[in-house]
Structure formats: C-alpha cells, structure tokens
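**Student:** Next input, structure requested:
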Amino acid sequence: MPPLRGASPEEVAVIARWLARPGVRIVRTSEGYHEPCHGAARWLAWAERADAAAHARYAEDEYLQHSG
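**Tutor:** Numbering: from 1, shown residues only. Got it, this is the predicted structure:
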C-alpha cells in the first residue's frame, strides 16, 4: 500500500494544515467518529453549480488559448 494510503499529497496537505491550526486537537472517545445525518448534503446543488462554472471557465480559457 502506498505511504499515503490512497490519499493524494494535496489531500494530505489539507489535513496537515488543518491539524496545525491553533485550537485543533485529536482526542480519543468511546463513542467513535460521528457526523450529522445529512451533513453537507444541503450544499450539494451549490457545489455542482460551482464545479460546472469552473469547468466552463476552463473550457473557455482553453478555447481562447487555442483559437488565437
């Protein structure tokens, strides 16, 4: 198995930066890890629109770069 266990170096860097922030700590619990039932699902439509806009902008830049 690779040293990062499948995570990209960028993903590991995000976690490392987060862990280095003041006030962040790792704790042990008897309950394990929990997240809200619907977590970030309310942001899914926004994330899809943002992703589509980013890809459209990239496609526009590529077109302009190649068309002169």
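
**Student:** how about low-confidence regions in the protein?
**Tutor:** Judged against pLDDT under 70, the low-scoring parts of the chain cover residues 1-4, 68.

**Student:** longest single helix anywhere in it?
**Tutor:** Under DSSP state H, the helix in the chain containing the largest number of residues is helix 44-67.

**Student:** How many residues are close by residue 42?
**Tutor:** By the measure other CB atoms under 10 Å, the count of residues near residue 42 is 8. Quick note: C-beta positions are derived from backbone N, CA and C, even for glycine.

**Student:** how many neighbours does residue 7 have?
**Tutor:** Other residues close to residue 7 by other CB under 10 Å number 13.

**Student:** mind exporting the helix or strand where residue 17 lies as PDB, just the C-alpha atoms?
**Tutor:** For residue 17, the element it lies in under DSSP states H and E is helix 9-20. Taking C-alpha atoms only, helix 9-20 is exported to PDB below (Å, rounded to 0.1, in the frame of the first residue of the first chain):
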ATOM      1  CA  PRO A   9      -0.400  14.600  -1.500                       C
ATOM      2  CA  GLU A  10      -2.800  17.600  -1.800                       C
ATOM      3  CA  GLU A  11      -5.400  15.900   0.400                       C
ATOM      4  CA  VAL A  12      -2.800  15.100   3.000                       C
ATOM      5  CA  ALA A  13      -1.600  18.700   2.900                       C
ATOM      6  CA  VAL A  14      -5.200  20.000   3.600                       C
ATOM      7  CA  ILE A  15      -5.400  17.800   6.600                       C
ATOM      8  CA  ALA A  16      -1.900  18.700   7.800                       C
ATOM      9  CA  ARG A  17      -2.700  22.400   7.500                       C
ATOM     10  CA  TRP A  18      -5.900  21.900   9.500                       C
ATOM     11  CA  LEU A  19      -4.100  19.900  12.200                       C
ATOM     12  CA  ALA A  20      -1.500  22.700  12.500                       C
END
